[in-house]
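Chemist: Mind folding the following:
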Amino acid sequence: METITALFNIVLVVFIVATMLSAGFNTTFEQLTTVFRRWQLVVAVVVVGFVIRPLVGWETAEVFSLATPAFIAMVLLWSCPGAPFGTKLVMTAKANVQTGAVLQVAMAAIGSITFAPTANAIISAADLGDDISLPVGDLVRTVAFLQLVPFAVGLLMRHWAEEQALEWDPIATKVAGLTFNVVLVGAVLGSWETLVDLVGSRVLLAAIVAAVVMVLIGYYVSVGDVRTRRATALIQPCSNSGPAFAAVGIAFGNDPEILGAITAILVLQIVVGLVVASYWAKDAAPSDTAIDTAAAPA
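Modeler: Alright, predicted model coming up:
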């Protein structure tokens, strides 16, 4: 069992590093500057992602009276904005891809620092038990190192050695995709009994409600045209799973009940996002992404 846990943690590290390295390969300083000049949009997205989003996860867990493992899973995931899958949702919806992609990457990078203190503050305020807390210092150091360093390396390579970065990106992307699948399969195999018990439970309903609420808030709190609002809405419902899985490993010894809840919630976040993105894509003009996709991070 210890060997399997060790392998799971190794694959998790590779997934986080490869994901952020690919994000760096696909981001340019010009794209960052273009988006961040729109300071009102950036402020709106930051407030939604780092203030409102964790509170929605917390309040939803409270409203549905979730058991402690599921409650912790909700708090961890909704404190982790910046899921790479968010960009795929924006592309599916034919929304503003460049804006969505750059903001998603920025949220993932900032979230590596804010995740642990935010989740720990909510867990403490929710009074889940005196012995339940996160080692904030260890998590910040671990997650920030695993996310910020590879992103910075990829970004600088894209700036100084663009040809090499674009050549290596497909490899990093493939590794990120494969290891993400392994992490999900590992989480399922390690907590399949919990997943079965969750069928028809309030946890699944809570996950759906929170995801829908975040899409609506992400859209209506944003600024700009419809395509920009749709982009900012679709980067909000899905969670950057790497930090959450890392927290379960570091703070909770890969507890199967928490892992099971995290896996189920992640899947439903993606389902809600895909449903909304597909619906919006129906009334999008065929040329909506023509300008964005050429320069947007993948």
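Chemist: Can you give me the distance of the nearest residue to Trp78 once chain neighbours are set aside to Arg227?
Modeler: Residue nearest to Trp78 in three dimensions, not counting chain neighbours: Gly57, with 2.4 Å by CB to CB, 6 or more residues apart in numbering. All C-beta atoms are positioned from the backbone trio N, CA, C, and that covers glycine. Counting by CB to CB, to the nearest Å, the separation of Gly57 from Arg227 is 27 Å.
Chemist: what does Val196 give?
Modeler: Taking CB to CB, one finds Val196 at 41 Å from Arg227.
Chemist: host element of the residue nearest to Trp78?
Modeler: Per DSSP states H and E: Gly57 is located in helix 53-63.
Chemist: Pull out the buried positions in stretch 263-281.
Modeler: Residues 263-266, 268-270, 272-274, 276-277, 280 are the ones in stretch 263-281 that count as buried (16 or more other CB atoms under 10 Å).
Chemist: repeat for stretch 156-169
Modeler: Met157, Arg158, Ala165, Trp168, Asp169.
Chemist: Tell me which of Gly57 and Arg227 has more neighbours.
Modeler: Neighbours were counted for Gly57 and for Arg227 using other CB atoms under 10 Å; Gly57 has more, 28 against 21.
Chemist: Isn't the more buried one up against Met74?
Modeler: Yes - Gly57 is within contact range of Met74, at 4.8 Å (criterion: CB atoms under 8 Å).
Chemist: shared neighbours of these two, anything?
Modeler: Residues touching both Gly57 and Met74 by CB atoms under 8 Å, 6 or more residues apart in numbering: Ala210.
Chemist: Could you measure from the nearest residue to Ser241 once chain neighbours are set aside over to Pro117?
Modeler: Nearest non-adjacent residue to Ser241, counting by CB to CB, 6+ apart: Leu266, 5.7 Å away. Going from Leu266 to Pro117 by CB to CB gives 22 Å.
Chemist: May I have the residues that are in contact with Ala116?
Modeler: Applying CB under 8 Å, 6+ apart, the residues contacting Ala116 are Leu134, Pro135, Val136, Leu139, Val140, Val143, Pro243, Ala247.
Chemist: That one is in what secondary structure piece?
Modeler: helix 97-125.
Chemist: Flag every buried residue along that helix.
Modeler: 97-112, 114-116, 118-123.
Chemist: what about the stretch 151-298 of the chain, any weak spots by pLDDT?
Modeler: 192, 285-298 (pLDDT under 70).
Chemist: all helices for it, in order.
Modeler: Counting by DSSP state H, counting those that start in this stretch, residue ranges of the helices within the stretch 151-298 of the chain are 162-190, 192-198, 202-220, 226-234, 241-252, 256-282.
Chemist: In CSV: those, plus distance to Thr27.
Modeler: Listed next are these as CSV, based on distance: least, CB to CB, whole Å:
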stretch, distance to Thr27
helix 162-190, 10
helix 192-198, 35
helix 202-220, 21
helix 226-234, 16
helix 241-252, 17
helix 256-282, 21
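Chemist: how about these, which one is nearest Gln147?
Modeler: helix 241-252 (7.1 Å; CB to CB).
Chemist: Okay, helices next: where are they in the stretch 1-150 of the chain?
Modeler: Going by DSSP H, counting those that start in this stretch, the stretch 1-150 of the chain shows helices at 2-25, 29-36, 39-47, 53-63, 68-78, 85-92, 97-125, 136-160.
Chemist: hey, which of the ones you listed is tucked in deepest?
Modeler: The highest mean neighbour count among the helices of the stretch 1-150 of the chain, using mean count of other CB atoms under 10 Å, belongs to helix 68-78: a mean of 27.
Chemist: now that helix: how far from the chain's centre is it?
Modeler: Centroid displacement of helix 68-78 relative to its chain, using CA atoms, centre = their mean, to the nearest Å, is 14 Å.
Chemist: Contacts for it next, please.
Modeler: 53-54, 56-58, 60-61, 66, 119, 122-123, 126, 128-129, 132, 194, 198, 203, 206-207, 210, 239, 241, 243-244, 247-248, 252, 255, 257-258, 260-262, 265-266, 269.
Chemist: and what of stretch 208-220?
Modeler: 45, 48, 52-53, 56-57, 60, 64, 74, 78, 229-230, 232-238, 268-269, 272-273, 276.
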